[in-house]
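K.L.:
Just to be clear, the model below is a prediction. Sequence and coordinates:
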Amino acid sequence: MNSLFSPTSILLPSPRRRFTQHLQEQPQNLRNYFHHYHGHHPVLLSLSLPFPSHHSLRARKLSVGATSPPNEGAVSVINFEDFVEKDWSFLDSEDLISGDELNSKIDGIISAGKIEETSKVLVSLGSEGFVDRLVDTSPCNLLLVAHDSLFLLACIKEKYDKVKCWQGELICLPEKWAQLDVVFLYFLPALPFKLDQVFGALAKRCLPGARVVISHPQGRKVLKQQQQQHPDVIISDLPDKMTLQKVTADHSFDMVEFVDEPGFYLAVLKFS
């Protein structure tokens, strides 16, 4: 997978009405610009993203232009043909659970992180609804959302200008965002890495005492259904307690809470 990342935050128009109006006026193409780095040279990315609807995503093409901001030096030109955006809308689905019940479970997941106003928080493969709830209930010093989906990151960024967004692999997260206090692995089964790789990377980025929260607000039963419907996205299962303890202990994480019920999964680990 080609990892693209932003050294600051994704540059998108912040007023929501401007973003929505743009979609209405130009339904075939949404063109925005992102700062990314290719090797040691900055590049400016121009995205052409078809949006048939909020919950139905199609293949998209990502082109990189040769224009750079002043004083940025040489610019690399990269072409990504037939860039495919997976459909992540199922993460916000309430078909199998009421909105109040889902919010209650999400609140329990967020509270497990013990976020403080000085905390630096990472959400990996979160849903838009989870980020909304996190912003509404838990002010913090830094909120960083890492995801494969440029569409989801665009939706988050145009609502919350202060939220940092990074598109790329979790284990390749830039060192500038190390020193994390709280990490939410909101949808671990979609990460294309072994547990050992994930916690090896997190051990280099977490402060002592940092909490890592693995969750699924609807549990294994719903995960199995999601896996059947989205086999291209969900490529692994949620770890059982013994497996998780063994792997995370090798990277200095201690388990402080574990719930594995048919309708709810929560594992909380502390970096020692």
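P.N.:
Received it, and whenever you're ready, just let me know what you need.
K.L.:
Domains in the protein, by residue range?
P.N.:
The chain breaks down into these domains under automatic domain parsing: 16-80, 89-271.
K.L.:
I'd like the distance between P208 and L202.
P.N.:
Note on P208: its distance to L202, by Cβ to Cβ, to the nearest Å, is 13 Å. From N, CA and C alone the C-beta is placed, and that goes for glycine too.
K.L.:
next one: P262
P.N.:
28 Å.
K.L.:
Same question for P239.
P.N.:
Distance of P239 to L202, given as Cβ to Cβ: 14 Å.
K.L.:
the more surrounded of the two?
P.N.:
L202 (24 against 20; other Cβ atoms under 10 Å).
K.L.:
mind checking how far Q229 is from D92?
P.N.:
For Q229, the distance to D92 - Cβ to Cβ - is 14 Å.
K.L.:
Check K162 too.
P.N.:
K162 sits at a distance of 22 Å from D92 (criterion: Cβ to Cβ).
K.L.:
Which one's more surrounded, those two?
P.N.:
Neighbours were counted for K162 and for D92 using other Cβ under 10 Å; D92 has more, 15 against 10.
K.L.:
circling back to that earlier point, most tightly surrounded among the domains of the chain?
P.N.:
Ranked by mean neighbour count under mean count of other Cβ atoms under 10 Å, those are led by domain 89-271, which reaches a mean of 18.
K.L.:
What average pLDDT does that one get?
P.N.:
The average pLDDT within domain 89-271 is 93.
K.L.:
The nearest residue to G126 once chain neighbours are set aside and K105: what is the separation?
P.N.:
Nearest non-adjacent residue to G126, counting by Cβ to Cβ, 6 or more residues apart in numbering: Y186, 4.1 Å away. To K105, Y186 is 12 Å away according to Cβ to Cβ.
K.L.:
ok, now E116?
P.N.:
Taken as Cβ to Cβ, the span from E116 to K105 is 22 Å.
K.L.:
Show me what the helix or strand where A146 lies packs onto, helices and strands only.
P.N.:
Assigned by DSSP states H and E, A146 belongs to strand 142-147. Contacts defined by 3 or more Cβ pairs under 8 Å, 6 or more residues apart in numbering; DSSP states H and E place strand 142-147 against strand 120-124, helix 128-137, helix 150-159, strand 164-167.
K.L.:
I'd say F184 and G113 touch.
P.N.:
Yes - F184 is in contact with G113 according to Cβ atoms under 8 Å; the separation is 6.4 Å.
K.L.:
Now the common contact residues for those two.
P.N.:
Applying Cβ atoms under 8 Å, 6 or more residues apart in numbering, one finds that F184 and G113 are jointly contacted by V121, V213.
K.L.:
Grab the longest helix from this structure for me.
P.N.:
Assignment by DSSP state H gives helix 99-112 as the longest helix of the chain.
K.L.:
Quick one: residues in contact with it.
P.N.:
Residues outside helix 99-112 that contact it (Cβ under 8 Å, 6+ apart) are 94, 97, 129-130, 133-134, 137-138, 184, 186, 211, 213, 215, 217-218, 257, 264, 266, 268.
K.L.:
any chance you could map the strands in the stretch 151-272 of the chain?
P.N.:
For the stretch 151-272 of the chain, the strands defined by DSSP state E, counting those that start in this stretch occupy 164-167, 180-185, 206-216, 253-261, 264-271.
K.L.:
From the contact counts, what lies against the last one?
P.N.:
Under the contact definition 3+ Cβ pairs under 8 Å, 6+ apart, strand 264-271 sits against helix 99-112, strand 206-216, helix 219-229, helix 241-249, strand 253-261.
K.L.:
and with 10 Å instead?
P.N.:
Under the contact criterion of 3 or more Cβ pairs under 10 Å, 6 or more residues apart in numbering; DSSP states H and E, strand 264-271 touches helix 99-112, strand 180-185, helix 195-203, strand 206-216, helix 219-229, helix 241-249, strand 253-261.
K.L.:
show me what contacts P239?
P.N.:
P239 makes contacts with L188, P189, L195, I214, Q245, K246, V247, T248, F258, D260, Y265, A267, as judged by Cβ atoms under 10 Å, 6 or more residues apart in numbering.
K.L.:
now the closest residue to the third one other than its chain neighbours: how far from L150?
P.N.:
This means L195. Spatial nearest neighbour of L195, chain neighbours left out: V247 (4.4 Å); criterion: Cβ to Cβ, 6+ apart. Relative to L150, V247 is positioned 30 Å away (criterion: Cβ to Cβ).
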